[in-house]
Every structure is written in C-alpha cells, then in structure tokens.
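Student: Just the structure for this:
(one chain, ligands or ions: 2)
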Amino acid sequence: MTEAVDLLINARWVVPVDDAESVLEHHAVAVCDGRIHAVLPQHEARTSISARRTVELRDHVLIPGLVNAHTHAAMALLRGIADDLPLMRWLQEAIWPAESRHVSDAFVRDGTLLAAAEMLRGGVTTCNEMYFFPDAAAQAFERMGMRAVLGVTVIDFPTPYAADADDYLRKGLEARDRWRGHPLFEFSIAPHAPYTVSDASLERVASLAAELDCTIHMHVHETAHEVEESLARHGVRPLARLASLGLLGPGFLGVHVVHVDDHDIALLAHHGCSIAHCPTSNMKLASGIAPIAAMHEAGLRIGLGTDGSASNNRLDLFEEMRQAALLAKVAGGDASVLPARSALRMATRDAAEAIGLGGRIGTIEPGKLADLCAVDLGGADMQPCYDPVSHLVYVAGRQQVSHVWVGGEARVEGGVLQLHLDNSELIATASLWQTRIES
Ligand SMILES: CSC[C@H]1O[C@@H](n2cnc3c(O)ncnc32)[C@H](O)[C@@H]1O
Ligand SMILES: [Zn+2]
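Tutor: Ligands and ions are numbered 1, 2, ... in the order given. Alright, predicted model coming up:
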C-alpha cells in the first residue's frame with residue numbers, strides 16, 4: 001500500500017532545524033495539500049509513497065524557507081539612494097524627504113514586487129514587513145506568492161499615506177479586515193520607534209494588540225542617541241517607557257536592540273520578548289553591535305532581519321547569517337560564539353517564532369506549511385563538504401539557491417523564479433522609478 005502525495009523531494013541532506021538539530025542524509029520530504037506530510041529515508045519513500053511529482057536534489061541541502069524578521073520591502077526602490085550616513089542623518093536628510101515625495105500606492109506595489117522577487121530568489125519565503133500602504137504591499141506579495149506579516153504602521157507625523165496616528169491605525173486596520181483569512185498573510189501592529197510615537201499612541205497600540213491578539217513590531221534601542229534622547233525627554237530609557245505603557249510581552253518584537261544594558265536585557269527576558277537582529281544594517285549605519293550572546297544567554301528569541309534595501313543594501317539572509325556569526329565572534333573575542341547552527345536557526349525557526357508564526361513555518365516537520373528552500377552544494381567551490389550547515393553559513397550564498405516552495409507551490413526552480421512576471425518587467429519598472437526619483 002502506498003500513500004499518495006502531491007510532491008516528493010529527494011535531497012542529499014535535509015536539515016529540519018528541529019529540536020534534535022539533526023542533519024538527515026539521503027532523506028525525502030513528502031508534501032500534500034501545501035503541508036509537510038512526512039520526512040523519511042529515501043529508500044523508505046520509494047516503497048511507501050506515490051507522488052504526483054518527484055524532484056531529485058542529488059547534491060543539495062533542503063532547509064526550511066528563510067524568514068526575514070524585519071524589512072521594509074518597498075524601500076527596494078530606494079536602494080543606494082543614501083549610503084554612508086548614520087541613522088538620524090540618513091532618515092532626516094535623505095530617506096524621509098524621498099519618502100514624502102515619492103511614496104504612494106504604486107511605489108509600494110512596484111517596490112514590494114521587486115523586493116519579493118529578490119527575497120524569493122534568495123530562499124526567503126516569509127518576511128515581517130513594516131511600511132506604508134499595506135494593501136499595495138499585500139497585492140504585490142500575493143502576486144509573487146510570498147508569505148508576509150504586514151504591519152499596521154503607526155508614526156506620529158504625516159506622510160503621503162496618513163495624516164496622524166488615528167489615520168494610520170484606521171487605514172491599517174481596514175487593510176487588515178480586507179485581507180483577513182488570506183492564507184499568505186497575518187498582521188502586526190507596527191509603531192515605528194520610541195522617538196516618533198507619543199505615549200498616547202503607544203497606549204493605543206498596546207490595547208489594540210491585546211484586543212486583536214497581534215504581535216507588535218517596533219524599532220527600539222537602535223542608537224545611543226535614541227537612548228539619550230529618551231532619558232532627556234521622558235526620564236527613562238526607551239524599553240522602560242514601553243514597559244510602563246504596556247507594550248512589552250511575548251508578542252513584542254524589538255528590532256535592532258543594539259544599545260541595551262543588563263537591565264534592559266533582563267526586562268526583555270522577563271516579558272518574554274523577541275528580537276530582530278539586523279547585523280548588516282547596524283554596521284552600515286554605524287549604529288553599533290547588538291549584544292547577541294548576552295541576549296541568547298538571557299533566553300531571548302532572536303530572528304535575523306535585513307532591514308530595508310536603503311540601509312543594507314540587499315535582502316539576503318545568507319549574508320545576514322554570515323555577518324551575524326562573524327560579528328558576534330569579533331564582539332565576544334571568542335570564536336565559539338554564534339556557531340553556524342545558531343545562525344541557521346535564527347534565519348528560520350527562531351525568526352518564525354519571533355514573528356508569531358512558529359506553529360506554522362520555520363522547521364521541516366510533519367504538519368508545518370511546506371515552505372522550503374534547496375541549496376545546491378554540488379559546485380567545485382563548495383567542495384569538499386564535511387558539514388552542510390557550516391557550508392550554508394560560511395560558504396554558500398543566495399546564488400546557490402536552486403528551488404523554493406511556498407505552501408508546496410514552486411516559486412523558484414533551477415534558480416529561476418516561476419512567476420508570470422519576468423525580470424525585464426521588474427527591471428523596466430525599477431528604472432522608471434529611478435528616473436522619477438532622480439528628477
Ligand atoms: C513607519 S514605516 C517605516 C519607516 O521606517 C524607516 N526606516 C527604515 N529603516 C529604519 C531604521 O533602521 N530605523 C528607523 N527607521 C527606519 C523607513 O524609512 C520608514 O520611514
Ligand atoms: Zn527597519
């Protein structure tokens with residue numbers, strides 16, 4: 001008797017990123033109705049499974065689809081517009097003026113399409129998104145077949161999207177209602193940062209998140225200046241202020257979290273909060289080095305994020321895994337800090353848990369959604385391969401991604417996006433926006 005499934009993937013290695021931290025050789029993953037049905041040795045699959053389609057990945061490692069714990073997808077259209085500036089000059093002199101001139105429904109749709117293509121091609125199947133015009137972002141992610149947690153953004157100044165905090169919340173919640181129940185989307189409440197959102201707006205965020213059972217997604221303790229300014233304006237550090245306003249809890253995801261002392265870390269741990277670590281963005285804006293080893297030791301869940309393309313300038317989680325591992329070693333003066341296995345977990349399972357999707361994605365286990373990424377380790381520049389997890393972090397890059405599935409649907413095959421949207425369309429649209437933005 002054989003079991004009928006939709007898809008059987010035979011891989012040289014399967015790394016489920018499960019509790020056992022196993023690396024399974026010559027295993028198969030069976031997919032049915034968009035979910036992982038079974039993970040079993042190939043010789044068993046040959047006799048027990050009959051698949052509508054079989055994919056042979058002879059030299060490949062199959063891992064969970066990568067999860068980008070923090071991004072602003074549409075900022076792909078602002079890639080390279082303002083390099084080599086620290087955060088506040090970057091925001092105030094370049095990014096916010098550009099956004100106030102150009103951000104629109106069309107900008108967000110086109111920018112998100114470009115970003116989703118880049119992420120999917122690089123093995124990223126889900127992102128945690130914070131930007132303006134969430135309907136336009138949802139339309140783009142839906143067209144690309146990419147999973148996302150979309151932020152109901154709140155910021156206490158006007159932009160082309162909304163006039164004030166009430167307007168942001170109303171528009172964001174309307175978008176949430178329109179897309180509720182969509183298989184690719186969840187919503188979070190996303191106050192921008194402690195220095196741009198008032199106490200009154202933050203209190204509304206806390207009560208809405210509790211009422212709607214949403215995660216909260218927020219930049220916090222990104223720079224030394226942010227902490228100093230909070231002390232001067234509010235008499236307390238940003239995290240203490242957020243705690244007193246009721247924002248901290250297991251659903252709170254703090255982004256960056258660079259300038260934290262032992263007390264801040266203990267506060268985050270006490271409330272069961274999660275972190276989105278964005279090492280490239282933190283380096284490029286010279287924000288600093290997040291104390292990842294101390295935060296791990298305190299039991300915090302830490303996912304990896306790229307931030308947007310204007311501060312990174314790629315949406316590449318292979319790069320973030322490598323940077324996270326190397327930077328933590330330099331910061332700790334200890335080569336054993338943040339080994340390859342931890343970096344891979346931060347880009348998959350821990351990121352999924354941090355953004356509230358831990359029960360559904362982030363590992364290769366029966367019952368989880370079939371969001372998968374295959375990486376070809378067969379090239380001469382990948383040899384020899386003693387440990388595929390080491391290679392994923394220290395050798396391979398997104399150019400080795402050969403196949404990507406979201407909910408069991410192929411999004412990348414043979415390194416090529418499988419969408420009714422070709423590269424030339426994406427490039428032409430980006431070029432049109434470049435002309436507008438430069439004029
Ligand atoms: C409210 S939508 C997002 C808002 O955040 C800006 N942004 C992008 N990257 C960062 C960062 O690292 N710190 C703070 N703010 C950032 C983005 O340009 C939008 O205005
Ligand atoms: Zn950001």
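Student: For V17, see how far away I364 is.
Tutor: I364 sits 7 Å away from V17, going by CB to CB, to the nearest Å. To be clear about C-beta, it is placed using only N, CA and C from the backbone, and glycine gets the same treatment.
Student: just G308 next, same as before
Tutor: Taken as CB to CB, the span from G308 to V17 is 26 Å.
Student: before we move on, what about V108?
Tutor: 32 Å.
Student: Those two: which has the busier surroundings?
Tutor: Taking other CB atoms under 10 Å, V108 and V17 do not tie; V108 has more neighbours (26 against 22).
Student: Quick check: residues of the protein near ligand 1?
Tutor: 72, 87, 91, 95, 99, 130-132, 153, 155, 192-193, 219, 222, 281, 307-308, 311 (CB under 6 Å from any ligand atom).
Student: ok, 8 Å please
Tutor: Applying CB under 8 Å from any ligand atom, we find that the chain lies next to ligand 1 at 72, 75, 78, 87, 91, 95-96, 99, 130-132, 151, 153-155, 159, 190, 192-193, 196, 219, 222, 255-256, 278, 281, 285, 287, 307-308, 310-311.
Student: who touches the most centrally placed residue in the chain in this structure?
Tutor: Nearest to the geometric centre of the chain sits N68, at 1.3 Å (CA atoms, centre = their mean). By CB atoms under 8 Å, 6 or more residues apart in numbering, the contact list for N68 reads 119, 124, 126-128, 304-306, 315, 317, 351.
Student: if we can go back for a sec, which residues are in contact with each of I364 and V17?
Tutor: Contacts common to I364 and V17, judged by CB under 8 Å, 6+ apart, are 63-64.
Student: For the stretch 251-400 of the chain, which segments count as helices?
Tutor: Secondary structure of the stretch 251-400 of the chain (DSSP state H, counting those that start in this stretch): helices at 262-270, 279-284, 292-297, 317-332, 340-346, 349-354, 388-394.
Student: on that earlier part again, redo the contacts of N68 as TSV? Include distance to G145, neighbour count and pLDDT.
Tutor: Output for the contacts of N68, formatted as TSV (distance: CB to CB, whole Å; neighbours: other CB atoms under 10 Å; pLDDT from 0 to 100):
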residue	distance to G145	neighbour count	pLDDT
M119	12	31	98
V124	13	30	99
T126	12	30	99
C127	13	31	99
N128	17	29	99
L304	22	30	99
G305	21	31	99
T306	20	31	98
L315	16	30	98
L317	18	31	99
A351	19	35	99
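Student: just to revisit the earlier point, over to the residue nearest to the centre of the chain. Which of the three states is it?
Tutor: When classified by DSSP: H, G, I helix; E, B strand; the rest coil, N68 comes out as strand.
Student: mind checking which helix or strand the nearest residue to it once chain neighbours are set aside is in?
Tutor: Once flanking residues are discounted, N68 sits nearest to C127: 4.0 Å by CB to CB, 6 or more residues apart in numbering. C127 is part of strand 124-129, with elements assigned from DSSP states H and E.
Student: Could you report the distance from the residue nearest to N68 to T215?
Tutor: Distance from C127 to T215, by CB to CB: 14 Å.
Student: Domains in this protein, by residue range?
Tutor: Per automatic domain parsing, the structural domains of the chain span 3-64+368-417, 66-354.
Student: just how off-centre is the last one within its chain?
Tutor: Counting by CA atoms, centre = their mean, to the nearest Å, domain 66-354 is centred 9 Å from the centre of its parent chain.
Student: and if you look at the shortest one?
Tutor: Mean-position distance between domain 3-64+368-417 and its chain equals 21 Å (CA atoms, centre = their mean).
Student: circling back to that earlier point, so what touches the strand holding C127?
Tutor: By CB under 8 Å, 6+ apart, strand 124-129 touches 65-73, 119, 137, 141, 146-151, 188, 217, 253, 276, 303, 305, 315, 317, 351-352, 354-355, 357, 361, 371-373, 404-406, 411.
Student: same thing with stretch 328-339?
Tutor: Contacts for stretch 328-339 (CB under 8 Å, 6+ apart): 289, 291-293, 296, 324-325.
Student: Same question for it: list its buried residues.
Tutor: 328-329, 331-332, 337-339 (16 or more other CB atoms under 10 Å).
Student: mind checking the end-to-end distance for it?
Tutor: Taking CA to CA, to the nearest Å, the first and last residues of stretch 328-339 lie 9 Å apart.
Student: any idea of the mean pLDDT in that stretch?
Tutor: Stretch 328-339 shows an average pLDDT of 98 in the prediction.
Student: Contact partners for T196?
Tutor: Contacts of T196 by CB under 8 Å, 6+ apart are 155-157.
Student: ok, the contacts of stretch 328-339 vs ligand 1, which is closest?
Tutor: I289 (14.9 Å; CB to the nearest ligand atom).
Student: Tell me how far the nearest residue to the closest one once chain neighbours are set aside lies from ligand 1.
Tutor: Take I289 and drop its neighbours on the chain: the residue closest to it by CB to CB, 6+ apart is A331, 4.7 Å away. Using CB to the nearest ligand atom, to the nearest Å, we find A331 at a distance of 19 Å from ligand 1.
Student: Just flag the most distant two among the contacts of stretch 328-339.
Tutor: P291 and A325 (15.0 Å; CB to CB).
Student: Extract the CA atoms of stretch 60-75 and return them as PDB.
Tutor: What follows is stretch 60-75, C-alpha atoms only, in PDB (Å, rounded to 0.1, in the frame of the first residue of the first chain):
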ATOM      1  CA  HIS A  60      21.500  19.700  -2.400                       C
ATOM      2  CA  VAL A  61      20.600  20.600   1.200                       C
ATOM      3  CA  LEU A  62      16.900  21.200   1.800                       C
ATOM      4  CA  ILE A  63      16.200  23.600   4.700                       C
ATOM      5  CA  PRO A  64      13.100  25.500   5.900                       C
ATOM      6  CA  GLY A  65      12.300  28.600   3.800                       C
ATOM      7  CA  LEU A  66      14.200  31.500   5.300                       C
ATOM      8  CA  VAL A  67      12.300  34.000   7.400                       C
ATOM      9  CA  ASN A  68      13.200  37.700   7.200                       C
ATOM     10  CA  ALA A  69      12.300  39.000  10.700                       C
ATOM     11  CA  HIS A  70      12.400  42.700   9.700                       C
ATOM     12  CA  THR A  71      12.100  44.600   6.400                       C
ATOM     13  CA  HIS A  72      10.600  47.500   4.600                       C
ATOM     14  CA  ALA A  73      10.100  45.800   1.200                       C
ATOM     15  CA  ALA A  74       9.200  48.700  -0.900                       C
ATOM     16  CA  MET A  75      12.400  50.500   0.000                       C
END
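Student: what sits against the closest residue to P388 other than its chain neighbours?
Tutor: Distances taken as CB to CB, 6+ apart place V61 nearest to P388, at 4.2 Å, with adjacent residues excluded. The neighbours of V61, taking CB under 8 Å, 6+ apart as the test, are 11-15, 374-375, 377, 388, 391-392.
Student: ok, now D156?
Tutor: So D156 contacts 164-165, 196-198, 201 (CB under 8 Å, 6+ apart).
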